[in-house]
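# got a predicted model here, sequence first, then my questions.
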Amino acid sequence: GAVVSQHPSRVICKSGTSVKIECRSLDFQATTMFWYRQFPKQSLMLMATSNEGSKATYEQGVEKDKFLINHASLTLSTLTVTSAHPEDSSFYICSATTRQGVGYTFGSGTRLTVV
Amino acid sequence: QKEVEQNSGPLSVPEGAIASLNCTYSDRGSQSFFWYRQYSGKSPELIMFIYSNGDKEDGRFTAQLNKASQYVSLLIRDSQPSDSATYLCAVTESGGTSYGKLTFGQGTILTVHP
């Protein structure tokens, strides 16, 4: 079945630094990638939607200059959290889909802790 | 604001019983409906999806959709302790493709006790 590989699974960084999270679709072409954030005991909140080769569409309230999304190829999308602060500590999850109807495939998530 | 509502629970059922999880949504034009299971610290995993009114069965799971009432449910038969998790209802936006943005409910915590 469709697999999305997300790395790293856990990352601890210092406040003010940047962190890059990668999501790769291993056996299909991900025309659309969704990035979610989940705080403890809360549901998934969509941050942005990216289509291969075009700029990401951010949800209301999500700072596009802080959360940089690149979807340069059909198999790779990255989320960079710039100038991270403790309040950015969260569980970040990507999800990929295709026009061919593969459905939504979720990555395994990245636990970000900013200290 | 498009909303997906779930009872946050916790819902506690004994092993072997039927667990019933409910979800309502506000966007009448929504086309696709999904149930995900999420264990603590893990990403969601798909249990079932349903597009048409009525019931859809897959093993111990049955999804039920009633678009007129804007209601979707998930029944888990013969519940097992391994079913203990948070169950997320997700709905696609109307007006897009079948694989557009998903809006998630807040999730229902299910505990199956031996």
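That came through fine.
# and chain A, which residues reach chain B?
Contacts of chain A with chain B, taken as CB under 8 Å from any CB of the partner chain, map to A:6, A:32, A:34, A:42-46, A:49, A:91, A:93, A:95, A:97-99, A:101, A:103-104, A:106-109, A:111. From N, CA and C alone the C-beta is placed, and that goes for glycine too.
# just the buried residues of those.
When the residues of chain A next to chain B are checked for burial by 16 or more other CB atoms under 10 Å in any protein chain shown, the buried set is A:6, A:32, A:34, A:43-44, A:46, A:49, A:91, A:93, A:95, A:97-98, A:103-104, A:106-107, A:109.
# mind checking which of those are in strands?
Those of those mapping onto strands are A:Q6, A:T32, A:F34, A:L46, A:T49, A:F91, A:I93, A:S95, A:T97, A:F106, per DSSP state E.
# can I get the residues you listed in JSON lines with pLDDT?
Converted to JSON lines, those look like this (pLDDT from 0 to 100):
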{"residue": "A:Q6", "pLDDT": "97"}
{"residue": "A:T32", "pLDDT": "88"}
{"residue": "A:F34", "pLDDT": "93"}
{"residue": "A:L46", "pLDDT": "93"}
{"residue": "A:T49", "pLDDT": "91"}
{"residue": "A:F91", "pLDDT": "97"}
{"residue": "A:I93", "pLDDT": "97"}
{"residue": "A:S95", "pLDDT": "93"}
{"residue": "A:T97", "pLDDT": "84"}
{"residue": "A:F106", "pLDDT": "92"}
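# which single one of those residues is nearest to B:S26?
Top of the list for closeness to B:S26, among these and by CB to CB, is A:L46 at 16.0 Å.
# hang on, isn't that closest one packed against A:T57?
No. Assessed by CB atoms under 8 Å, A:L46 is found out of contact with A:T57, at 10.0 Å.
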